[in-house]
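Chemist: Here is the input, now give the coordinates:
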Amino acid sequence: MSLSDPIGDMLARIKNAQMRSQKKVELPSSKFKCKIAEVLKDEGFIVNFETTEISDKPILVIELKYNLGNPVINTIERVSKPGRRIFSSAESLPKINNGLGIAIVSTPKGVMTDVNARKQKVGGEIICKVF
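Modeler: Got it, this is the predicted structure:
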């Protein structure tokens, strides 16, 4: 089975697992998904992530974070989709929830938050927004 939007699938699995108050979520792994999980961990939205192999297929296991029983990630939504890519320059990157949330951006210097992209004065494709 091939997915047309593997990143959208990743975000949907995280959202669904948090609605069910699950501690961990498993999904097919890729380097790009690991970079997104790394940004989420650095910003404090998830506890941890690791990659394992089950029958020669890489699996990404994300440990979700909760605060007093409520998920830390309030909203996670895809911005740039396979049918409609959304690019932005460093100056016009959006502020999510007046700076309380983050936008994950894929830049020529790697996957990073909108704040880091502004500091490094580099634009790119806006993958998703999280708050």
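
Chemist: Walking through this structure, point out its helices one by one.
Modeler: Under the criterion DSSP state H, the chain contains helices at 6-19, 31-42, 114-119.

Chemist: List the contacts of the last one.
Modeler: For helix 114-119, the external contacting residues (C-beta atoms under 8 Å, 6 or more residues apart in numbering) are 90-91, 93-96, 102-105, 107, 123-124, 126. In this view, the C-beta of every residue, glycine as well, is placed from N, C-alpha and C.

Chemist: try 7 Å
Modeler: Where contact means C-beta atoms under 7 Å, 6 or more residues apart in numbering, the residues beyond helix 114-119 that reach it are 90, 93-94, 102-103, 105, 107, 123-124.

Chemist: from these, which would you call buried?
Modeler: 90, 93, 102-103, 105, 123-124 (16 or more other C-beta atoms under 10 Å).

Chemist: From the recorded domain assignment, give the ranges for this protein.
Modeler: The chain breaks down by automatic domain parsing into domains covering 6-71, 76-130.

Chemist: Output those in CSV; the columns should cover mean pLDDT.
Modeler: Converted to CSV, the domains of the chain look like this (pLDDT from 0 to 100):
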stretch, mean pLDDT
domain 6-71, 97
domain 76-130, 96
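
Chemist: Which residues are in contact with Val72?
Modeler: Counting by C-beta under 7 Å, 6+ apart, Val72 makes contact with 45, 65-66.

Chemist: What segments of this protein are strands?
Modeler: Here the chain has its strands, by DSSP state E, at 24-28, 46-54, 57-64, 66-67, 70-71, 76-78, 87-88, 102-107, 110-113, 124-130.

Chemist: measure the residue sitting nearest the centre point of the chain to Ser55 for me?
Modeler: Nearest residue to the geometric centre of the chain (C-alpha atoms, centre = their mean): Ile36, 4.4 Å. Using C-beta to C-beta, to the nearest Å, Ile36 is found at 24 Å from Ser55.
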